[in-house]
Each structure stands twice: as C-alpha cells, then as structure tokens.
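**Q** Requesting a structural model of the entry that follows:
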Amino acid sequence: MLKAAYLNELFKISKKKKIMVAAILSIAAILIGGLIVSSVNNFIGINLTGKSEFSIMVLSVLCYTLIPLFTMFVCVDMFTGELADHTIKQTLTRPVSRLKIFSAKTLAAATFILANLLFVMIVSILVSFVIGATSLSLWKVLLAYIAEFFPLMVFALLVIFISNIMHGTPSAFLISLVLYLAFLAFSAVFGDYDSFFFTSLFDWYTLFLGSYINFYKIFRVLLILIGCGMMFFAAGYYLYDRRDV
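**A** Numbers count the residues shown, from 1 in each chain. Predicted structure coming up:
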C-alpha cells in the first residue's frame with residue numbers, strides 16, 4: 001500500500017507544471033552562471049570559481065535560492081493542494097493508514113529534492129566541461145550534492161509541518177518563505193548560535209571537500225539534522241492525522 005501511495009504521489013508531482021518551470025529556471029540559472037564565469041575568465045582574467053569546481057559554485061548559490069523555492073512549491077502543493085481541489089476526502093478515506101499516506105507524500109518530496117539536485121549537478125557538470133571550469137573529481141561533486149540532500153529534506157519537513165497548520169496554499173507558502181528568510185537572517189546575525197538554525201547547515205557539504213575531513217563535525221551536524229527531521233516529521237504527521245474529512 002505504501003508503494004502504491006508513493007507512486008501515486010510521484011505521478012501527481014510529475015503532472016505539475018511547476019516541475020517543468022523548475023527545470024527551465026535551473027537550466028537558465030546554470031547557463032547564465034556559466035556565461036558569466038566564462039566571460040570573466042576569458043576577458044578580464046579573473047577566475048571566479050577560484051580553486052573550486054563550477055558545479056560546487058552552482059550548488060552554493062542554488063541551495064539557498066531556487067532549490068528551496070521549488071521545494072516549498074512542491075511540499076505546500078502536496079498538502080494544501082488537496083484542500084484547494086477538494087480531493088482530501090478521497091485521499092484520507094482510502095483503505096490506507098494516514099501514516100502511510102503521510103509517509104508516501106514525504107518520500108515523494110524526498111525523491112523530488114534528490115532528483116532536483118542530481119539534475120542540477122548533471123547540467124552544471126556539462127556546462128563546466130564546456131567552459132573549462134572543472135578541477136574536482138566527479139565523485140567529490142556527487143558527494144557534495146548528496147550531502148546537500150539532508151538539510152534540504154529537513155527544510156521540506158518544516159514546510160510540510162507548516163502546510164498542515166495552514167489551510168490555504170498562498171498562506172502556507174508565504175509563511176514558509178518568511179520563516180526561511182528569518183532563519184537565514186538570524187543565522188547571519190547571531191553567528192554564535194547558528195547551529196540552532198538548520199538553514200545555516202545548507203553549506204555543510206563543504207566539510208566533505210577539503211583535504212582534511214573532520215568526521216566528528218560531520219557526525220555532529222548529521223545528528224542535528226536527524227533530530228530536526230524527526231521532530232518536524234512527528235509534528236507534521238500529528239497534524240495530518242488530526243485532519244477532518
């Protein structure tokens with residue numbers, strides 16, 4: 001039942017026009033970035049990427065901008081969209097437990113995030129070969145993008161939690177966006193307490209890229225992400241389970 005519900009959620013996501021828009025905007029952003037890097041390198045002589053890989057530079061920008069934005073769109077639409085199109089009763093009265101339905105939606109969101117990251121990675125690698133801005137081994141690039149999945153998934157669980165509080169798509173998206181921007185601002189202003197704002201961990205993939213890998217710090221950050229993820233998942237499911245049909 002969980003597999004069927006999961007595949008159904010993936011099918012519904014694939015039919016959304018937002019997915020095509022996300023792909024087009026991602027490609028456009030990467031191409032513009034590649035054009036800027038290539039132009040500056042060739043005509044001004046300044047290496048914008050420094051010693052890093054172009055794909056990593058792309059990740060450092062998109063992990064704070066487009067990818068969280070697309071994640072908000074998908075997660076909010078999965079939960080509040082049922083209220084808007086009046087399909088929530090049909091969903092919740094199926095012979096499947098609400099935990100399985102909630103888990104299927106969460107897994108679908110996780111699949112979207114991972115697919116989005118891999119799509120951005122592949123496009124950025126291809127562009128990096130064209131503009132000659134590649135230096136890191138591909139496995140390190142892959143490791144960085146996979147690592148980025150974890151904080152983005154925690155953010156998705158937060159958005160899912162908010163979506164189960166609100167009953168409208170615009171309000172859920174707006175509150176998620178404001179909260180995300182507030183977290184970024186607080187982590188920047190209160191740098192000593194940035195570990196309390198998981199959005200400050202969006203760049204934790206850099207821990208895997210240096211010549212020295214601090215496994216203790218990686219383990220500590222991973223525990224923080226797992227703890228936040230479990231808390232948001234439990235809170236989101238509690239609200240989803242209490243929804244009236």
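
**Q** okay, CA-based contacts and neighbour counts for the rest of this
**A** Will do.

**Q** buried set for whichever strand or helix holds Tyr216?
**A** Using DSSP states H and E, Tyr216 maps to helix 215-241. With burial defined by 16 or more other CA atoms under 10 Å, the residues of helix 215-241 counted as buried are 221-222, 224-226, 228-229, 232-233, 235-237, 240-241.

**Q** Export only the CA atoms of the host helix or strand of Ala29, formatted as CSV.
**A** Element membership for Ala29, per DSSP H and E: helix 17-39. The C-alpha coordinates for helix 17-39 follow below in CSV (Å, rounded to 0.1, in the frame of the first residue of the first chain):
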residue,chain,number,x,y,z
LYS,A,17,3.6,22.5,-14.5
LYS,A,18,5.9,23.7,-11.7
ILE,A,19,8.3,20.8,-12.4
MET,A,20,8.9,22.0,-15.9
VAL,A,21,9.2,25.5,-14.7
ALA,A,22,11.8,24.4,-12.1
ALA,A,23,13.8,22.5,-14.8
ILE,A,24,13.8,25.5,-17.1
LEU,A,25,14.8,28.0,-14.4
SER,A,26,17.5,25.7,-13.2
ILE,A,27,19.0,25.3,-16.6
ALA,A,28,18.7,29.1,-17.3
ALA,A,29,20.4,29.9,-14.0
ILE,A,30,23.3,27.5,-14.7
LEU,A,31,23.8,28.7,-18.2
ILE,A,32,23.8,32.3,-17.1
GLY,A,33,26.3,31.4,-14.4
GLY,A,34,28.5,29.6,-16.9
LEU,A,35,28.4,32.5,-19.3
ILE,A,36,29.4,34.9,-16.6
VAL,A,37,32.2,32.7,-15.3
SER,A,38,33.5,32.1,-18.9
SER,A,39,33.3,35.8,-19.8
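
**Q** follow-up on the earlier one: what mean pLDDT does the helix holding Tyr216 have?
**A** Mean pLDDT, helix 215-241: 93.

**Q** Could you do stretch 31-44 as well?
**A** Per-residue pLDDT over stretch 31-44 has a mean of 78.

**Q** which of the residues in it are buried?
**A** By neighbour count on 16+ other CA under 10 Å, the buried set for stretch 31-44 is 31, 33-34, 37-38, 41.

**Q** Grab the nearest non-local neighbour of Ser55.
**A** Among residues not flanking Ser55 along the chain, Ser124 sits closest, at 5.1 Å (CA to CA, 6 or more residues apart in numbering).

**Q** Please apply the same query to Glu148.
**A** Take Glu148 and drop its neighbours on the chain: the residue closest to it by CA to CA, 6+ apart is Tyr205, 6.0 Å away.
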